[in-house]
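**Student:** predicted model and sequence below, questions to follow.
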Amino acid sequence: MTIDRKTIEELAAGGVILGAGGGGSKEMGIKAGLASLEYGEPRMIPIDELDDGDVVVTISGVGSPASKGAYIENSYYNRIIEILTKELGQKPAALIPSEMGGSSSFGPFIASAINGIPILDAACNGRAHPLGTMGSMGLNETKGYKTIQVAMGGDPAEDHLIEMTAKGSVPDTASLVLSTAIRAGGLVVVARNPVPVKYVREKAAVGCYTHSLEVGRAHMAGKTADEKIRNVADILEGKILCKGEIRGYRLETRNGLDVGGFCLSDQKEYSIRFWNEYMAIDSDGERLYTFPDYMMTFDLETGEPVTTANIAEGLKVAVVAAPRSSLILGGGMREASGYRAVEDAVGIPMLQYVQDLVSK
């Protein structure tokens, strides 16, 4: 896949839509993508170009997009690759992001351009998610797997710059990375979870960059706000669930992640909850959609996607929803522990609605 400005804009458009409330902004993604072109030529390859034994590394951001102190420099992406390469004793054969999102899709781009390491047409998950363990391709519950995570973030001018290397189980090291993000001002970039290509084939969301391009192009092809929104609903085999004005909006940053919700009326009342990404939609005491189902808000005036970090009281939106079968999901979406964490953080039932997914 050729990476140029047009492709970057289409990937960012698709990424923020597939972010389903999280995954960062389209503007941040385009900025990161264009910055990578200044360093070199990021290259994207299909998985068939790699051997099963080649090592793939995940590049991602961890923390709260809404944190005022969040600070990342482009050079941080290169630094974490340097440290992880030294720890591994070899350069990775390819890089993947943790998830699809407006900015998170572009996690590997700068590191790819600087180091000449290709980006794989895959991600740990084909949508965005709140926990690092959810973007670990099922490694969180894989007994005996020991990971390496290298994190960096913070503004050196404010004495908040932190570099951190952790080795151990995925949940233990992921907890340390999130704590580092909080101390660094709210956000870090991470190189983590080296695995062979064979594992990626089985547990990752293979082909999700191609999917993101298709979604982005469909949205951009819309001539009006309504057409843009309908194009997204159609390509994801979903529907426009409701339209209306956001009421009762609430948000707090808790343990480095954005937790909140709001209500919306369209013939009946809808209650929508999020934890960075949209977690659930209920109406009349009935659960309609549950993460990792697709749920996303779109500005009724412009047709542009609105992440949870940009939701505001009184904003008029359309809510697009689709079954999780319309997304390319990674192995992390099949771990019960992640849904238990959502239940604890958001205070709503989750596991009972995802029994078709979770490991028994």
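**Tutor:** Alright, I've got the coordinates. Numbering: from 1, shown residues only.
**Student:** where does the stretch 251-360 of the chain have low pLDDT?
**Tutor:** Segments of the stretch 251-360 of the chain classed as low confidence (criterion: pLDDT under 70) are 255-256, 359-360.
**Student:** show me the helices in it, by range?
**Tutor:** Under the criterion DSSP state H, counting those that start in this stretch, helices of the stretch 251-360 of the chain are mapped to 336-346.
**Student:** could you pull out the strands for it?
**Tutor:** Taking DSSP state E, counting those that start in this stretch as the criterion, the stretch 251-360 of the chain carries its strands at 257-266, 268-275, 277-283, 286-290, 294-299, 305-306, 316-322.
**Student:** so which elements touch the third one?
**Tutor:** Going back to what we said before, that points to strand 277-283. If contacts are counted by 3 or more C-beta pairs under 8 Å, 6 or more residues apart in numbering; DSSP states H and E, strand 277-283 sits against strand 268-275, strand 286-290, strand 294-299, helix 336-346. No exception for glycine: its C-beta is placed from N, CA and C like everyone else's.
**Student:** may I see the strands of the stretch 251-360 of the chain arranged in TSV, with mean neighbour count and distance to residue 182 as well?
**Tutor:** Formatted as TSV, these follow (neighbours: other C-beta atoms under 10 Å; distance: least, C-beta to C-beta, whole Å):
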stretch	mean neighbour count	distance to residue 182
strand 257-266	20	10
strand 268-275	20	16
strand 277-283	23	19
strand 286-290	17	28
strand 294-299	24	26
strand 305-306	24	25
strand 316-322	22	30
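**Student:** that older thread, and the helices and strands packed on strand 277-283 as JSON lines, adding distance to residue 223?
**Tutor:** Converted to JSON lines, the helices and strands packed on strand 277-283 look like this (distance: least, C-beta to C-beta, whole Å):
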{"stretch": "strand 268-275", "distance to residue 223": "28"}
{"stretch": "strand 286-290", "distance to residue 223": "28"}
{"stretch": "strand 294-299", "distance to residue 223": "15"}
{"stretch": "helix 336-346", "distance to residue 223": "37"}
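**Student:** I'd like to know which of these lies nearest to residue 50.
**Tutor:** Proximity to residue 50 (C-beta to C-beta) singles out helix 336-346 among the helices and strands packed on strand 277-283, at 27.6 Å.
**Student:** list the buried residues for the closest one?
**Tutor:** Residues 336, 337, 338, 339, 341, 342, 345, 346 are the ones in helix 336-346 that count as buried (16 or more other C-beta atoms under 10 Å).
**Student:** any idea how far residue 105 is from the fourth one?
**Tutor:** I take that to be residue 339. Distance, residue 339 to residue 105, using C-beta to C-beta, to the nearest Å: 24 Å.
**Student:** dump the strands of the stretch 251-360 of the chain to CSV, plus distance to residue 54.
**Tutor:** Shown next, in CSV, are the strands of the stretch 251-360 of the chain (distance: least, C-beta to C-beta, whole Å):
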stretch, distance to residue 54
strand 257-266, 33
strand 268-275, 34
strand 277-283, 31
strand 286-290, 36
strand 294-299, 32
strand 305-306, 34
strand 316-322, 34
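**Student:** out of the ones you listed, which gets nearest to residue 225?
**Tutor:** Of these, nearest to residue 225 by C-beta to C-beta is strand 294-299, at 7.3 Å.
**Student:** adjacent strands (with direction) for that closest one?
**Tutor:** With DSSP bridges as the test, strand 294-299 is paired with strand 305-306 (antiparallel), strand 316-322 (antiparallel).
**Student:** of all the ones you listed, which one is nearest residue 70?
**Tutor:** Nearest of the strands paired with strand 294-299 to residue 70, taken as C-beta to C-beta: strand 305-306 at 19.1 Å.
**Student:** mind listing residues that contact that closest one?
**Tutor:** Under the contact criterion C-beta atoms under 8 Å, 6 or more residues apart in numbering, strand 305-306 has outside partners 16-17, 19, 26, 102, 219, 232, 296-299, 315, 317.
**Student:** rerun at 10 Å
**Tutor:** The contact list for strand 305-306 (C-beta atoms under 10 Å, 6 or more residues apart in numbering) reads 13-21, 25-26, 102, 219, 228-229, 232, 246, 296-300, 312, 315, 317-318, 320.
**Student:** distance of the closest residue to residue 315 other than its chain neighbours from residue 209?
**Tutor:** Distances taken as C-beta to C-beta, 6 or more residues apart in numbering place residue 246 nearest to residue 315, at 4.9 Å, with adjacent residues excluded. According to C-beta to C-beta, residue 246 and residue 209 sit 31 Å apart.
**Student:** who has more neighbours out of those two?
**Tutor:** Neighbour totals were compared for residue 246 and residue 209, and residue 209 leads with 26 against 18 (other C-beta atoms under 10 Å).
**Student:** domain boundaries for this protein, per the record?
**Tutor:** Per automatic domain parsing, the structural domains of the chain span 5-208, 220-330.
**Student:** surely residue 338 meets residue 170?
**Tutor:** No: Residue 338 lies out of contact with residue 170 (C-beta atoms under 10 Å); the separation is 11.4 Å.
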